[in-house]
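1. Show me the folded form of this:
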Amino acid sequence: MPLSTPRIAGVDVARGVALLGMFSVHVFGAFEPDDSPTVAWQLAGGRSSATFALVAGVGLAFTTGGRTPRTDRGSLAAVAARALTVGLIGLLLGYASNAAGLEVDVILAFYALLFLLALPLLALRTRTLAYVALGLGVVAPFLVQLLRGALPEPAFEGDPTLQDVVTDPAGLLGDLLVHGDYPVLAWTAYLCAGLAIGRLDLFDRRVATRLLTAGLALAAASWLVCSLWLLRWGGLARLQENEFHDATGPHARDEALWDTPDGETWWAMVSRAPHSTSPFDVLHTLGAATALLAAVLLLTRITVVRRALLPLAAAGSMPLTLYTAHVLFLATGALNGSPDLQYAVLVAGSLLFAAGWRFTRGRGPLEALVAGAARRAKAWERDRRGQDRRGQGGRGQGSAQGSPAEAPVERSDRTESQDQHR
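-> Predicted structure coming up:
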């Protein structure tokens, strides 16, 4: 069915834009054959996946009560079930990615851990979440750099799979937390920011305008300060000397500016390259993602724009399905020699499928699978609590029938259960 409100349409469109940006990076790669950075890498590298993570936080806020957060055990069980299902899909997808030798770096297992770590954050206030996001943006990159020497590196090559959960659990955890392309310790900043944004009144134009202003200011300031450090204050020479000492040729400077450093020294913390996980990278992409979401929220308030963007919004409403499909498509090797055509097929196919499915069937196939797991987890928790209450009631009748202290508890439980199903 059509997306009827500017709020939902804007969030879905932003997610759709992020999805197509990730497609472009996976198709065109980071560098041209002459070692110059691709346009896709310069525009979408890091920013698209950061937007994906931030909007995931917004979606998590929506599914846990929006402006009135629900942190009852049923809601938490539903979030955990979503995380585990997404993680399972990601680990299964790793087999296809590894078999084809893709350099996609499947993000879903990282998302699963992100969602699990978000459980204790759901009760935080909006302002607290915003402060946590900014604090993590500054501090977490240093923690990641520090812990890379302490946590074990994965023994597996490529993307993690179900087998690695059993054969290399410590390496898998280290990969997800600090060693991978989306280190969860730092990427929690995007999820916290998304949770904070999802708790706001996104129907309000003033809220979207403030988000746009704040996002642009953060993105511009972090990029400007980093550029000054690199290009005016000698940081680039130190970065090349310590992280890219093997780079030679006419594009050695571009490599230092745009390639992800290995993190061998602390000078990696002055990089602004996509996925460098430096404070500048995290803060810049956090600001860019916030600004993109806010801009789309404002644009989709205009009816004609919102209608024109319905196919993109439809794609954004089923990101798990389309992300999985695009990895499987790339794994076939189809059109590998024609990246322009390959990208065009991915985009056109995604938009056409999403629009057709959304307006005839509704929720995407894998989204329906995840939602079903969440519903079953919530129902299981509700039934378990019901059994516990009946057991307590039976014991109470045997020991102190009609105890007045128990009646308010029972009424409170019934009210909470009713609230969960509104």
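
2. Now do the helices for the stretch 51-200 of the chain: every range, in order, please.
-> Assigned by DSSP state H, counting those that start in this stretch, the stretch 51-200 of the chain shows helices spanning 73-100, 108-118, 126-147, 162-167, 169-174, 184-198.

3. just how off-centre is the second one within its chain?
-> When you say that, I think you mean helix 108-118. Here helix 108-118 shows a centroid-to-chain-centroid distance of 8 Å under the convention Cα atoms, centre = their mean, to the nearest Å.

4. could you check the angle helix 184-198 makes with it?
-> Computed with axes from the mean of the first three to the mean of the last three Cα atoms, to 10 degrees, the direction of helix 108-118 lies at 70 degrees from that of helix 184-198.

5. Who are the packing partners of helix 108-118?
-> When contacts are defined as 3 or more Cβ pairs under 8 Å, 6 or more residues apart in numbering; DSSP states H and E, helix 108-118 sits against helix 47-63, helix 73-100, helix 184-198. (C-beta placed from N, C-alpha, C; glycine too.)

6. 6 Å instead?
-> For helix 108-118, the elements it packs on are helix 73-100, helix 184-198, judged by 3 or more Cβ pairs under 6 Å, 6 or more residues apart in numbering; DSSP states H and E.

7. The third one now?
-> Taking 3+ Cβ pairs under 6 Å, 6+ apart as contact, the helices and strands that helix 126-147 lies on are helix 184-198, helix 279-299.

8. orientation of that helix relative to helix 184-198 in degrees?
-> Per the same axes, to 10 degrees, the angle that helix 126-147 makes with helix 184-198 is 170 degrees.

9. Only C-alpha atoms, please: export helix 126-147 in CSV.
-> Extracted as CSV, the C-alpha positions of helix 126-147 are listed here (Å, rounded to 0.1, in the frame of the first residue of the first chain):
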residue,chain,number,x,y,z
THR,A,126,16.3,11.8,23.3
ARG,A,127,18.9,14.3,24.5
THR,A,128,20.9,11.7,26.3
LEU,A,129,20.9,9.6,23.1
ALA,A,130,22.2,12.6,21.1
TYR,A,131,25.0,13.2,23.6
VAL,A,132,25.9,9.5,23.6
ALA,A,133,26.0,9.6,19.8
LEU,A,134,28.4,12.6,19.7
GLY,A,135,30.5,11.2,22.5
LEU,A,136,30.9,7.9,20.7
GLY,A,137,31.8,9.7,17.5
VAL,A,138,34.7,11.3,19.3
VAL,A,139,35.8,8.6,21.7
ALA,A,140,34.9,5.3,20.1
PRO,A,141,37.4,5.5,17.2
PHE,A,142,40.2,5.7,19.8
LEU,A,143,38.8,2.7,21.7
VAL,A,144,38.6,0.7,18.4
GLN,A,145,42.2,1.6,17.6
LEU,A,146,43.3,0.6,21.1
LEU,A,147,41.3,-2.7,21.2
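
10. buried stuff in it?
-> By neighbour count, and taking 16 or more other Cβ atoms under 10 Å as the criterion, the buried residues in helix 126-147 are 126, 129-130, 132-134, 136-137, 140-141, 144-145.

11. Quick one: these as a markdown table, columns for pLDDT and distance to residue 45 too.
-> Compiled in a markdown table, the buried residues of helix 126-147 are given as follows (pLDDT from 0 to 100; distance: Cβ to Cβ, whole Å):
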| residue | pLDDT | distance to residue 45 |
| --- | --- | --- |
| 126 | 96 | 30 |
| 129 | 98 | 26 |
| 130 | 98 | 25 |
| 132 | 98 | 26 |
| 133 | 98 | 21 |
| 134 | 98 | 22 |
| 136 | 98 | 21 |
| 137 | 98 | 18 |
| 140 | 98 | 20 |
| 141 | 98 | 17 |
| 144 | 97 | 18 |
| 145 | 96 | 20 |
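
12. returning to what we had before: pick the most buried one from the helices of the stretch 51-200 of the chain.
-> By mean neighbour count, with neighbours taken as mean count of other Cβ atoms under 10 Å, helix 184-198 ranks first of those at a mean of 26.

13. Distance-wise, check the residue nearest the centre of the chain relative to residue 153.
-> Among the residues of the chain, residue 53 comes closest to the average C-alpha position under Cα atoms, centre = their mean, at 2.0 Å. The gap separating residue 53 from residue 153 is 23 Å, by Cβ to Cβ, to the nearest Å.

14. give me the low-pLDDT residue ranges for the stretch 1-150 of the chain?
-> In the predicted model, the stretch 1-150 of the chain carries pLDDT under 70 at residues 1-7.

15. Residue 339 is in contact with residue 27, isn't it?
-> Yes - the pair residue 339 / residue 27 is scored as a contact, 5.1 Å apart, by Cβ atoms under 6 Å.

16. So these two - more neighbours on which side?
-> The neighbour comparison of residue 339 against residue 27 (other Cβ atoms under 10 Å) goes to residue 27, with 24 against 15.

17. which ones are touching the more buried one?
-> When the contact criterion is Cβ atoms under 6 Å, 6 or more residues apart in numbering, the partners of residue 27 are 339, 342-343.

18. try 7 Å this time
-> Residues in contact with residue 27, defined by Cβ atoms under 7 Å, 6 or more residues apart in numbering, are 339, 342-343, 346.

19. and what of residue 15?
-> Contact criterion Cβ under 7 Å, 6+ apart gives 52, 55, 316, 319 as the residues in contact with residue 15.

20. Mark which of those are buried, thanks.
-> Among the contacts of residue 15, those that count as buried by neighbour count (16+ other Cβ under 10 Å) are 52, 55, 316, 319.

21. Using the three-state scheme, assign residue 381.
-> Counting by DSSP: H, G, I helix; E, B strand; the rest coil, the backbone at residue 381 sits in helix.

22. can you tell me how far it sits from residue 70?
-> Relative to residue 70, residue 381 is positioned 12 Å away (Cβ to Cβ).

23. can you check residue 148 too?
-> Residue 148 is 36 Å from residue 70, where distance means Cβ to Cβ.

24. Over to residue 186?
-> Per Cβ to Cβ, residue 186 is found 27 Å from residue 70.

25. try residue 120
-> Computed as Cβ to Cβ, the residue 120 to residue 70 distance reads 14 Å.

26. of the two, who's got more company?
-> Set side by side, residue 120 and residue 70 show unequal neighbour counts under other Cβ under 10 Å, the larger going to residue 70 at 17 against 10.
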